[in-house]
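K.L.:
My questions are about this predicted structure, shown below with the sequence.
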Amino acid sequence: MLAIFVRLVFGSLLVSIVLVHPVPSWAAQSLGYIVEIADTGKSRELATLIETKVYRCVIPAKNMWVTDQQSNCAVWIGKNVPLEMLRAVLPEAMRLNPHLKFFYIVGDRGEKPPQVVDNTLHVGGHIEAALVKKLNMIDQQEMLAQLGKAASLEDLHRYLHEKNKPKPEQKPAS
Amino acid sequence: MKKLLAVLTCLAMLLALAVPVAMAGKSTDKTAPVTTASPLGGTFASAVTVTLTVNEPATTYYTTDGTTPTTGSPVYTAPLTISSTKTLKYFSKDTAGNLETVKSQTYTIGTPTSTHATLTWTGYAMCSSCHTSQAQAMYQSVHYQWKGSAAEMTTGPATQGKIDATDGSSALNAYCINIQGNWGPCGACHAGTGAKPVATGNPSAAQLASIDCLMCHADATNAPYSRVRNATTGLFEPAAGLDMNLVVQKAGQKPTRKNCLGCHAKAGGGDAVKRGDIALASGTTSDVLYDTHMAMGSGGNIQCQGCHTYTSHRVAGRGTDLRPEDSTVEVSCATSLCHSTKTSLTTSHTTYDTSHHVGRVACQACHLPTYAKNANDTANTEATETHRNWQVGEWNATLNRYEPTPTKANDLLPKYAFWNGTSWGNNAFDAAALDAATGAYKISRPVGAINDPVGTKLFPFKYKTSSQALANGKLVTLSTATFFATGNYDQAVKDGLVYMGLPSTTPYTTVTTDELQLLNHQIPPATGNVLACTDCHGTTTRVNLPALGYALKAAESVVCVQCHSQRTNKGWASVHSGHVGSRMIDCSMCHNFSRATERNLKIGIM
């Protein structure tokens, strides 16, 4: 009986810690969050840095859309990726690739990606995809400031959703 | 008096007949004539003779002093010699009185004042400002318009291509189906700065400046050029950090393999995906077994235009699955520079039996045993796509989208078919056609048969299938945009149905489609690699010759006894040696085709 009581108390304690506090990095890793980095520029340096912060990191094999830092200038943010992980990774990513200018919550345009994408932070998405989605550029300093002041993950998502609202169609160049 | 009355009556009748005709003519022709200058304006080392031609009976007026011509200006009657830098302005007026808009060409005579070595980059317009005639030629090419003459197509309108359209001119394929809704990423390989090409016979300076000459003419070794989209305009611009002055100073060379392969190797969405015989490796490998023509080192190191000759930015060679032809010039293995002795039906090869094949068998049929080879000095596998499944999406992390699931393979045996130079193609909005032989709906086919005229030959092809939707008897141009975003095949098909003018509730089924794509590259050295006779004859593993029309026209008991009693069949080699090799008996004695004329064979019972 005592054993059951102790288990209940500890269980409740653990649940309350997880719910109240941001997910710590070790927990992020254990929950299967992952950072994917496109193989351009200083991707390996970034991977090393991120791994020191105890986040799981991969550099997928190149494809024809992985070309250079200027073209691979988007960040695809899985909707479950914790704020703490974003605060740890994105400043380093921006420092090592000053061309990063699109930040997007995957699914914000109604996409239904595989579940694993919800837990993935992808650094180095291609500009073609950003243009197809009609995303808006976000200044790195502004993004960094927003990362710092966001009260919650939902708060940051709200900000990115507003920033990425498509602008009215412009007459295409001929 | 009677005579006068008769004459007046005739005149009145003539007048009565003529007036409606004249009025009818006036009311029907409202099209302005089109005048073309040849050559177009540009820089010329010495005096140039310019011819003006008009596409219908008309009077052409011109000036060379920079003023705008009127009907009071000189009338063009003979070619004009321009010996100093001048601007020629001209227009025509047809017999119905329709006036053409004034056109202008500038002819710069003498050595240009600047050379590439001293250039400073000012933007894409700088190329066409000097190379105007080249830019105008390029603007009309298939490389720029992605559309052109479909003279070699047996199906569809006179002009066809990749560009999405609802008039039946837009090609389907078994890869992305159609570029409907996907111009951006597709356009990344367009030889322009990002905007969709505008079809016009008289492009403006701004439109000519939309050509990105550097994609093909930059020096990929000494001053590499790369470009990125401007996130605001969506147009391409040079990548940051490039010394564009150096790039433009070094530009002006003919394209290298790297330039061409930058797009052509990546067709279909990745390296080697679409063209089973072209990969990025074709530009870098030294593996002669991969491609003896293009390989460096002990290979030929032949650049693309070594075979794909060009005139005025029009390039020879058309894959059988492509709708437009850029040039009417045919690519040939036997030229004055290469394989010049390989056209003789009797002496081109070591034996007569081999030599006579050249009349009806394309060189690559025997010299390309397998395709989609893996070059031995590259990291990539150069596997090509053999099937694309649109029903199952796989996630592309870089593009943040779903893509159809591909099946890829290496070292494939070609399919073989006769090709007479023309093609059959299913375009968007066409009725789908089922091929009973393959059980799949046809996307494209080489046209040809064993009895087609001389020039028709047996060629090797890549065989490609795809799973696509079929509704109302038509293949559905599914919305790639929807599929990419959601991976939802059903919704993508429904959106495609709406694009086709059908209700989204229209029932559809998913069928297999297929296409054949001509193979020309990846030829290994002949010695030790060319097919042996027994690879094709006496077996159907590689090629089913009977199915291609080589079967006997009747049973042996019928065919043989035309001339002699039935004997034991000693095999195809012996039979052909005795009948064709020695006695020169025409094929039609035993088969349903004849080679009597082209090979001087005899028809009739010997």
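P.N.:
Right, received. Where do you want to start?
K.L.:
Look up how far chain A lies from B:Arg388.
P.N.:
Taking Cβ to the nearest Cβ, to the nearest Å as the measure, B:Arg388 falls 16 Å from chain A. C-beta coordinates here come from the backbone N, C-alpha and C atoms, glycine included.
K.L.:
Quickly note the distance from that residue to B:Ala471.
P.N.:
Computed with Cβ to Cβ, to the nearest Å, the distance linking B:Arg388 and B:Ala471 is 19 Å.
K.L.:
out of the two, which sits in the more crowded spot?
P.N.:
Comparing B:Arg388 with B:Ala471 by other Cβ atoms under 10 Å in any protein chain shown, the one with more neighbours is B:Arg388, at 24 against 19.
K.L.:
for the residue of the stretch 451-600 of chain B found nearest chain A, what are its contacts?
P.N.:
Taking Cβ to the nearest Cβ, chain A has its nearest neighbour within the stretch 451-600 of chain B at B:Ala485, 4.8 Å off. Taking Cβ atoms under 8 Å, 6 or more residues apart in numbering or on different chains, we find B:Ala485 in contact with A:Arg109, A:Gly110, A:Glu111, B:Arg401, B:Tyr402.
K.L.:
same for the longest strand seen in chain B, what does it pack against?
P.N.:
Across chain B, the longest stretch assigned as strand under DSSP state E is strand B:457-471. Judged by 3 or more Cβ pairs under 8 Å, 6 or more residues apart in numbering or on different chains; DSSP states H and E, the packing partners of strand B:457-471 are helix B:363-367, strand B:384-396, strand B:415-419, strand B:440-446, helix B:489-499, strand B:509-518.
K.L.:
confidence score at the residue of the stretch 451-600 of chain B closest to chain A?
P.N.:
Per-residue confidence (pLDDT) for B:Ala485: 87.
K.L.:
Repeat that for A:Phe10.
P.N.:
50.
K.L.:
With B:Thr9 instead?
P.N.:
For B:Thr9, the pLDDT comes out at 53.
K.L.:
cool, B:Asn520 as well?
P.N.:
As predicted, B:Asn520 sits at a pLDDT of 97.
K.L.:
ok, it - contacts?
P.N.:
B:Asn520 neighbours (Cβ under 8 Å, 6+ apart): B:Asp277, B:Gly317, B:Val331, B:Gln364.
K.L.:
which stretches of the chain have low pLDDT?
P.N.:
Assuming you mean chain A. A:1-31, A:169-174 (pLDDT under 70).
K.L.:
wait, I meant chain B there
P.N.:
B:1-27, B:111-114, B:606.
K.L.:
Which residue lies nearest the spatial centre of it?
P.N.:
For chain B, the residue nearest the mean C-alpha position is B:Arg318 (3.5 Å; Cα atoms, centre = their mean).
K.L.:
For residue 50, grab the count of nearby residues.
P.N.:
Picked chain A for this. Number of residues near A:Ile50 (other Cβ under 10 Å) recorded here: 21.
K.L.:
my bad, chain B
P.N.:
When neighbours are counted by other Cβ under 10 Å, B:Val50 registers 21.
K.L.:
That one: helix or strand, and which one exactly?
P.N.:
strand B:48-54 (DSSP states H and E).
K.L.:
Give the next helix or strand downstream of that strand.
P.N.:
Next along from strand B:48-54, by DSSP H and E: strand B:58-63.
K.L.:
What is that following strand packed up against?
P.N.:
strand B:48-54, strand B:86-94.
K.L.:
Chain A is nearest to which of these?
P.N.:
strand B:86-94 (23.4 Å).
K.L.:
and the angle from that closest one to strand B:48-54?
P.N.:
In this structure, strand B:86-94 runs at an angle of 20 degrees to strand B:48-54, with axes from the mean of the first three to the mean of the last three Cα atoms, to 10 degrees as the basis.
K.L.:
Check which residues of strand B:86-94 are buried.
P.N.:
For strand B:86-94, the neighbour count (16 or more other Cβ atoms under 10 Å in any protein chain shown) marks B:Lys86, B:Thr87, B:Leu88, B:Lys89, B:Tyr90, B:Phe91, B:Ser92, B:Lys93, B:Asp94 as buried.
K.L.:
For the fifth one, list the residues it contacts.
P.N.:
Contacts of B:Tyr90 were listed using Cβ under 8 Å, 6+ apart, and they are B:Thr35, B:Ala37, B:Leu52, B:Thr60, B:Tyr61, B:Tyr62, B:Thr63, B:Pro69, B:Tyr76, B:Val102, B:Lys103.
K.L.:
can you give me the strands for chain A?
P.N.:
Counting by DSSP E, the strands of chain A are A:34-37, A:56-58, A:74-77, A:102-105, A:120-125.
K.L.:
Serialize the ones you listed to TSV and add fields for mean neighbour count and distance to B:Thr506.
P.N.:
As requested, these are exported to TSV (neighbours: other Cβ atoms under 10 Å in any protein chain shown; distance: least, Cβ to Cβ, whole Å):
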stretch	mean neighbour count	distance to B:Thr506
strand A:34-37	22	39
strand A:56-58	15	43
strand A:74-77	27	35
strand A:102-105	24	34
strand A:120-125	28	35
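K.L.:
Just send those strands back as a markdown table, with distance to chain B too.
P.N.:
Output for those, formatted as a markdown table (distance: least, Cβ to the nearest Cβ, whole Å):
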| stretch | distance to chain B |
| --- | --- |
| strand A:34-37 | 6 |
| strand A:56-58 | 10 |
| strand A:74-77 | 5 |
| strand A:102-105 | 7 |
| strand A:120-125 | 5 |
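K.L.:
Among those strands, which comes closest to A:Leu135?
P.N.:
With Cβ to Cβ as the measure, strand A:102-105 is the member of the strands of chain A nearest A:Leu135 (4.8 Å).
K.L.:
Tell me how many other residues crowd the residue nearest to A:Pro113 when sequence neighbours are not counted.
P.N.:
With sequence-adjacent residues excluded and distances taken as Cβ to Cβ, 6 or more residues apart in numbering or on different chains, A:Pro113 is closest to A:Val106, at 5.4 Å. Close neighbours of A:Val106, defined as other Cβ under 10 Å, add up to 23.
K.L.:
Going by neighbour count, which residues of stretch B:39-50 are buried?
P.N.:
B:Pro39, B:Leu40, B:Gly41, B:Gly42, B:Thr43, B:Phe44, B:Val48, B:Val50.
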